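Student: I would like the atomic coordinates for the input below:
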Amino acid sequence: MIRAMRASAKWVMGVLVIAFVGWMVFDVGMDVMGQGGYRMGDAIAKVNGRSIELQTYFTALRDAQERQRREFGSAPLTQEDQQALEDAVLENLIQEILLDEEFRRRNIRVTEEEILAAARTSPPPEVLNLPIFQTEGQFDLQKYQRFLAAGTDPQFLQALEARYRQEIPRAKLYDQLVADVYLSDAKLWQAYRDQHDSVRIRLLALFPDAVIPDSEVSVTDAEIRAYYERNRSDFERPAVAYLSYISVSRIPNAADSAAALERARSIRREILAGADFAEVARRESADSASGAQGGDLGEVSRGTFIPEFEQAALALRPGQISEPVLTPFGYHIIKLESRSGDRFRARHILIPVELVGEHLEQVDAMVDSLDRYGAEQIDPTALDSAAARLGLQIRVAPPLREGERLTLAPYVIPDVGIWAFEARPGDTSPVIEARNAFYVFRLDSLIPGGVPPLNEIQNEVRRAVMRQKKREALRQLADRLALDLREGATIADLSEKVGVPINTVGPFTRANPPALLLDEPKVIGAAFGIPVGKVGGPISGENAVFFVEPISRTLADSAAWREQLPAQRERAIQIARESRVRTVLSSMRATADVLDRRKELERAQREAEERARELPRPPRPVVF
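Tutor: As a prediction, the model looks like this:
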């Protein structure tokens with residue numbers, strides 16, 4: 001059988017997508033890097049000394065891109081999304097090498113007998129719905145096994161063998177990792193109590209800035225420098241790009257809106273004249289999801305849609321067609337199918353308000369000129385020249401930090417966050433298309449990432465030193481308040497002494513504390529550990545010093561716990577297993593020696609292109 005699996009190739013292979021076991025899936029898709037100043041045999045990354053070659057990387061990218069298209073359609077990705085997907089694809093290849101090393105370390109192998117058994121008894125989920133393997137609409141295991149035994153499609157068999165050679169070792173590793181996962185009744189009872197024990201408390205929260213005035217804290221220059229030197233990593237920051245831009249608006253005007261309204265009215269007249277609403281929706285609606293269903297939005301409850309749409313829909317009688325209804329999405333033609341109480345079912349046809357006619361031609365012409373005169377230039381004055389030629393105003397964008405997306409409120413502008421940190425000061429961007437406009441940006445300056453010199457962030461460091469000194473002063477104040485407690489003071493007395501009000505908080509559980517205590521586990525522990533009516537503190541938390549007085553406490557019901565224990569155990573063990581696997585995989589990744597050469601290769605590519613541009617062009621041949 002194995003020899004037959006390796007013999008040759010043909011059709012069902014398109015159905016098989018090589019995948020990890022569920023806990024190791026990386027569901028990614030992406031585009032491919034440009035080609036040029038590198039060779040396909042170059043390593044794009046190294047993992048513990050083992051190379052990931054460009055050819056391997058490109059193949060993975062093409063496969064992932066095809067998956068992306070099948071699952072999400074062919075809509076273009078922004079550069080930020082594409083960068084994230086590239087990172088995920090490379091991470092996938094890194095994990096494959098790390099897993100292979102772990103298999104070797106644990107002596108995990110796969111035998112031909114194991115592959116045969118898996119092929120015969122565990123068909124891939126993708127084939128279960130193939131008609132060739134079904135009898136009366138149900139998957140027929142015997143029919144599938146006869147197909148395997150016949151060996152009539154060697155390519156399918158090859159793909160199947162490759163899949164099990166990949167998945168079986170992962171399944172064995174999973175079994176080894178989780179074999180000793182065990183949760184005692186005591187641990188499960190504690191987890192149940194964390195969800196169901198509840199408490200109400202009086203809470204006195206003393207925040208340094210609220211309790212210790214600035215006037216009580218002095219900070220010297222020597223203290224600032226010493227703090228800066230001890231805590232340099234706290235002040236590390238990403239690179240920052242400063243940008244200017246010009247833009248051509250693509251926001252529709254009154255003429256565009258009038259054209260959309262007339263189109264909506266024309267479609268409504270067609271339906272009233274007898275055309276089938278569903279067929280017209282499939283042909284005309286800009287809402288592709290509902291349009292494919294004949295405009296059907298399904299049965300929904302009141303409050304599902306935006307008010308303008310819902311008010312118009314609910315004003316109709318079943319079967320009635322609305323006049324065009326304007327919402328932020330465009331004009332809707334609505335048909336109410338049915339209504340019962342607060343639930344209703346409707347269809348709609350969406351006609352967007354978009355650029356048309358003369359306005360569209362004007363914008364297209366402007367964008368062509370924007371591209372010709374302003375985009376992708378290395379002369380810093382090109383943006384000024386393009387702005388003057390086109391009558392556009394040069395604007396300044398807010399500082400853009402590396403790793404973030406540019407927002408020109410209220411719009412998020414794609415691609416700039418990648419381009420700006422690959423360009424050189426003075427360069428202009430390609431034309432970037434956003435929802436509201438077409439943009440060309442110029443990189444005016446770039447501040448590298450890292451730790452700024454002290455003179456640039458002296459005030460920030462001063463504030464950090466002041467916070468540290470205030471926390472120390474607050475600790476000393478809290479110690480004096482604790483002495484007052486021991487001498488008989490109440491939490492109300494402490495509140496009055498420091499001028500900070502008491503908060504009554506809860507009831508809350510250990511697993512779901514209030515927002516104020518999300519980062520304060522010691523306070524939560526005290527709330528459930530201190531006897532009711534007693535005051536505990538001072539408790540030094542992450543953000544403040546606390547005094548806690550439990551008011552009331554409700555304990556979990558042990559009988560109810562035992563009743564749900566089997567289901568809880570099953571869920572908890574699965575969670576513990578997944579946590580074990582994630583911990584091991586994270587440890588493997590954290591200790592791996594990984595060299596990512598993408599930026600190095602991209603830099604070599606750009607330099608090769610620049611050298612090519614600088615070469616003199618060969619003379620034209622003489623034409624006789």
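
Student: any regions of the stretch 1-150 of the chain where pLDDT drops low?
Tutor: 1-41, 72-76 (pLDDT under 70).

Student: tell me where it has helices.
Tutor: 2-6, 54-72, 79-105, 112-121, 141-150 (DSSP state H, counting those that start in this stretch).

Student: list the buried residues for the second one?
Tutor: Same thing as helix 54-72. Residues of helix 54-72 classed as buried by neighbour count (16 or more other Cβ atoms under 10 Å): L54, T56, Y57, F58, A60, L61, A64, Q65, R67, Q68. Where you see a C-beta, it was placed from the backbone N, CA and C, and this is true even at glycine.

Student: do the fourth one as well
Tutor: Residues of helix 112-121 classed as buried under the neighbour-count rule (16+ other Cβ under 10 Å) are E114, I115, L116, A118, A119.

Student: what angle separates it from helix 141-150?
Tutor: Relative orientation of helix 112-121 and helix 141-150, computed by axes from the mean of the first three to the mean of the last three Cα atoms, to 10 degrees: 140 degrees.

Student: dump the helices of the stretch 1-150 of the chain into a markdown table; add distance to A386 as well.
Tutor: Formatted as a markdown table, the helices of the stretch 1-150 of the chain follow (distance: least, Cβ to Cβ, whole Å):
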| stretch | distance to A386 |
| --- | --- |
| helix 2-6 | 61 |
| helix 54-72 | 34 |
| helix 79-105 | 22 |
| helix 112-121 | 62 |
| helix 141-150 | 64 |
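
Student: wait, which of those is closest to K46?
Tutor: In terms of Cβ to Cβ, the element of the helices of the stretch 1-150 of the chain nearest to K46 is helix 79-105, at 9.4 Å.

Student: buried set for that closest one?
Tutor: Using 16+ other Cβ under 10 Å as the test for burial, helix 79-105 gives 79-83, 85-86, 89-99, 102-103.

Student: hey, what's the angle from that helix to helix 54-72? Just curious.
Tutor: Orientation check (the same axes, to 10 degrees): helix 79-105 against helix 54-72 gives 120 degrees.

Student: let me have the buried residues of helix 54-72 in CSV, extended by distance to L130.
Tutor: Output for the buried residues of helix 54-72, formatted as CSV (distance: Cβ to Cβ, whole Å):
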residue, distance to L130
L54, 35
T56, 30
Y57, 32
F58, 30
A60, 26
L61, 28
A64, 24
Q65, 25
R67, 19
Q68, 23
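
Student: S233: which of these is nearest?
Tutor: Looking across the buried residues of helix 54-72 and measuring by Cβ to Cβ, the closest to S233 is Y57, at 32.3 Å.

Student: who's in contact with E114?
Tutor: Y164, I168 (Cβ atoms under 8 Å, 6 or more residues apart in numbering).

Student: among the helices of the stretch 1-150 of the chain, which is nearest P208?
Tutor: Here helix 79-105 is closest among the helices of the stretch 1-150 of the chain (Cβ to Cβ), at 38.0 Å.

Student: what's the spacing between L516 and L203?
Tutor: 8 Å (Cβ to Cβ, to the nearest Å).

Student: overlap in contacts, these two.
Tutor: With contacts defined as Cβ under 8 Å, 6+ apart, the residues shared by L516 and L203 are N503, V505.

Student: which of the two has more neighbours?
Tutor: Using other Cβ atoms under 10 Å as the criterion, L516 and L203 rank with L203 on top: 22 against 16.

Student: pLDDT on stretch 545-554, on average?
Tutor: The pLDDT scores in stretch 545-554 average 97.

Student: next: stretch 196-204.
Tutor: Mean predicted lDDT for stretch 196-204 stands at 97.

Student: cool, stretch 238-255 as well?
Tutor: Stretch 238-255 carries an average pLDDT of 96.

Student: centre of the chain to stretch 269-280, how far?
Tutor: Relative to its parent chain, stretch 269-280 has a centroid offset of 41 Å by Cα atoms, centre = their mean, to the nearest Å.

Student: what does that stretch rub up against?
Tutor: I267, G294, G295, D296, I321, I333, K335, R347, I349.

Student: from S285, how far off is the fifth one?
Tutor: The reference is to I321. 14 Å.

Student: same check, this time on R577
Tutor: Taken as Cβ to Cβ, the span from R577 to S285 is 46 Å.

Student: more neighbours: which of those two?
Tutor: Remark: of R577 and S285, S285 carries more neighbours, 25 against 16, as counted by other Cβ under 10 Å.

Student: separation between that one and A259?
Tutor: Applying Cβ to Cβ to S285 and A259 gives a distance of 17 Å.

Student: and E167, by the same measure?
Tutor: 56 Å.

Student: now swap in I432 and tell me
Tutor: From I432 to A259 the distance is 27 Å (Cβ to Cβ).

Student: do G357 as well
Tutor: Distance from G357 to A259, by Cβ to Cβ: 7 Å.

Student: these two - which one has more neighbours?
Tutor: A259 (19 against 10).

Student: any idea whether S338 is helix, strand or coil?
Tutor: strand (DSSP: H, G, I helix; E, B strand; the rest coil).

Student: could you point out the longest helix of this structure?
Tutor: Secondary structure of the chain per DSSP state H: the longest helix is helix 558-591.

Student: which of the residues in it are buried?
Tutor: W561, Q568, A572, R577, R580, V581, V584, L585, M588.

Student: isn't I351 right up against A281?
Tutor: No - at 10.9 Å, I351 does not count as touching A281 under the criterion of Cβ atoms under 8 Å.

Student: on that earlier part again, make a PyMOL selection of the buried ones in the contacts of stretch 269-280.
Tutor: Burial among the contacts of stretch 269-280 is assessed by 16+ other Cβ under 10 Å; the matching PyMOL selection reads:
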select buried, resi 267+294+295+296+333+335+347+349
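
Student: chain center to the longest helix of the chain: distance?
Tutor: Offset of helix 558-591 from its chain centre (Cα atoms, centre = their mean): 24 Å.

Student: same question for that helix, mean pLDDT?
Tutor: Mean pLDDT, helix 558-591: 94.

Student: direction included, what does whichever helix or strand comes after that helix pair against?
Tutor: Following helix 558-591 in sequence order, the next helix or strand is strand 594-596 (DSSP states H and E). Here strand 594-596 has these sheet partners by DSSP bridges: strand 43-47 (antiparallel).

Student: secondary structure element holding E422?
Tutor: For E422, there is no enclosing helix or strand under DSSP H and E.

Student: once you drop chain neighbours, what's closest to it?
Tutor: Spatial nearest neighbour of E422, chain neighbours left out: E602 (7.7 Å); criterion: Cβ to Cβ, 6 or more residues apart in numbering.

Student: ok, P531 next?
Tutor: P550 (7.2 Å).

Student: what does R471 give?
Tutor: Using Cβ to Cβ, 6+ apart, the nearest residue to R471 is P208, at 5.2 Å.

Student: for the one you found, what are its contacts?
Tutor: R467, K470, R471, A473, L474, A544.

Student: mind checking pLDDT for it?
Tutor: For P208, pLDDT reads 94.

Student: gap between L177 and L518?
Tutor: Taking Cβ to Cβ, one finds L177 at 31 Å from L518.

Student: what is the burial count for L314?
Tutor: When neighbours are counted by other Cβ under 10 Å, L314 comes out with 15.

Student: the domain parsing of this structure - what is it?
Tutor: When the chain is parsed with automatic domain parsing, its domains come out as 2-178, 198-236+457-554, 254-351, 362-447.

Student: show me how far the first one is from its chain's centre.
Tutor: How far domain 2-178 lies from its chain's middle: 24 Å, per Cα atoms, centre = their mean.

Student: got it, and the shortest one?
Tutor: In terms of Cα atoms, centre = their mean, the centre of domain 362-447 is set 25 Å apart from its chain centre.

Student: what does the second one give?
Tutor: Domain 198-236+457-554 sits 34 Å away from the centroid of its parent chain (Cα atoms, centre = their mean).

Student: can you report phi and psi for A273?
Tutor: phi -80, psi 0 (degrees, to the nearest 10).

Student: make that I333, sorry
Tutor: The phi/psi pair for I333 (degrees, to the nearest 10) is phi -110, psi 120.
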